[in-house]
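Engineer: model this:
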Amino acid sequence: MTTQEQVKDVVSQVLADKADKGGIKRVVWIGAGGSNGGNYPAQYFMEHEATQVVSSSYTSNEFVHATPAYVNENTLAVVVSMRGTKETIVAAQVAKDHGASTIAIYVDESGLTEVCDYKIQYDSLAVDESCMGRTNSAVVTMIAMELTQQTEGYAEYETAMAAFDLVDPIYRKAVEYTRPLAAKWAEQNADKPCINVMAQGPLFGAAYVFSICNVQEMLQIDSCTINTCDFFHGPFEILDKRTSLFQLISVGRSRCNDERGIRFVNQYGGERVYQLDAKELGLNDIKDSVSEYFNHLIFAPILNNVYMRALSAVTHKDYMTRRYMWKLDY
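Structural biologist: Reported below is the predicted structural model:
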């Protein structure tokens, strides 16, 4: 059974189980750290396409300690953790205790897969051999599209499902294209105490994960995530010829917001302004009607596997080492 077939089957089972209870009215995406950021494209899709199922996204401990009042038997909780983060397991149990149906999205079996009603395995984007059309972000986006299709219909469903098969080939070409670019960017930014990452719309989640997981967690370098729209409402005051700014440029309806940012930073920034464009990475190979929802699926592994590794090499920081994570009781 393919991942798409498994997703279709699980969503069908959830909806059948809830049919006599009023159906699924809400979906909540839950995860911690990179898993939380990786849920962004699913939430983004639901916000822009679904009219029958309301969607929300929470980091695990926030969900545990401030559980939304709407969580009940008409809620689907999609809970993501690679190996079973403790607070994420607790969040899954809280959702289940409130009557929600629960799906574990995981790499390794853990307490999460024991708690949840259903489970779907994914490929880690950090592993070169993984299929990038089966990462955590890909699987949750599939669920979002399948849930919308089965509850109200999604006009571009067949096109979107076919696009998942294009993700890995696009990614492989993008790796070869970006390696020399990333090496140059890393050399130019190796001495910077802070690397700002800017994006908006369908790419804000990828920018957030790059900041908090790749730059801060793995390399212990300060990083700030900036929304390109809000750049003009405060953050642009930091910009000068010395500022390190990494801008992600999307395809989709809100690309004009990225282009506005490009015009400003190219005029007032310096050589440490860097722009990575979805069109350069091959997103144009995916039909315009759905390509917006695949920005994150290409950018996230490129940022992790090419740009983070390039910066690790020039700063001589082993990206597998940590100060606190996995070492302390926190």
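Engineer: Start and end of stretch 280-294, how far apart?
Structural biologist: The separation between the terminal residues of stretch 280-294, taken as C-alpha to C-alpha, to the nearest Å, is 14 Å.
Engineer: Strands of the stretch 51-200 of the chain, start to end?
Structural biologist: With DSSP state E, counting those that start in this stretch as the criterion, the stretch 51-200 of the chain has strands at 54-59, 75-80, 101-106, 118-121, 194-199.
Engineer: Adjacent strands (with direction) for the last one?
Structural biologist: Paired strands of strand 194-199, with direction, are strand 222-227 (parallel), strand 245-249 (parallel) (DSSP bridges).
Engineer: Identify each buried residue in the shortest one, please.
Structural biologist: What that stands for is strand 245-249. For strand 245-249, burial by neighbour count (16 or more other C-beta atoms under 10 Å) applies to Leu245, Phe246, Gln247, Leu248, Ile249. All C-beta spots, glycine's among them, are computed from the backbone N, C-alpha and C.
Engineer: dump the residue contacts of the third one.
Structural biologist: Read it as Gln247. By C-beta atoms under 8 Å, 6 or more residues apart in numbering, the contact list for Gln247 reads Val197, Met198, Ala199, Thr228, Asp258, Gly261, Ile262, Val265, Val273, Tyr274, Gln275, Leu276.
Engineer: Apply 7 Å and report the result again.
Structural biologist: Met198, Gly261, Val265, Tyr274, Gln275 (C-beta atoms under 7 Å, 6 or more residues apart in numbering).
Engineer: top of the residues you listed by neighbour count?
Structural biologist: Met198 (27 neighbours; other C-beta atoms under 10 Å).
Engineer: Identify, by residue count, the longest helix of this protein.
Structural biologist: In the chain, ranked by residue count with DSSP state H as the criterion, the top helix is helix 157-189.
Engineer: by how many degrees do that one and strand 194-199 diverge?
Structural biologist: Relative orientation of helix 157-189 versus strand 194-199 (axes from the mean of the first three to the mean of the last three C-alpha atoms, to 10 degrees): 160 degrees.
Engineer: ok, so what distance separates Lys86 from Ser60?
Structural biologist: Taking C-beta to C-beta, to the nearest Å as the criterion, Lys86 is separated from Ser60 by 9 Å.
Engineer: Look at the two and report which has more neighbours.
Structural biologist: It is Ser60, of Lys86 and Ser60, that has more neighbours when counted by other C-beta under 10 Å, with 25 against 14.
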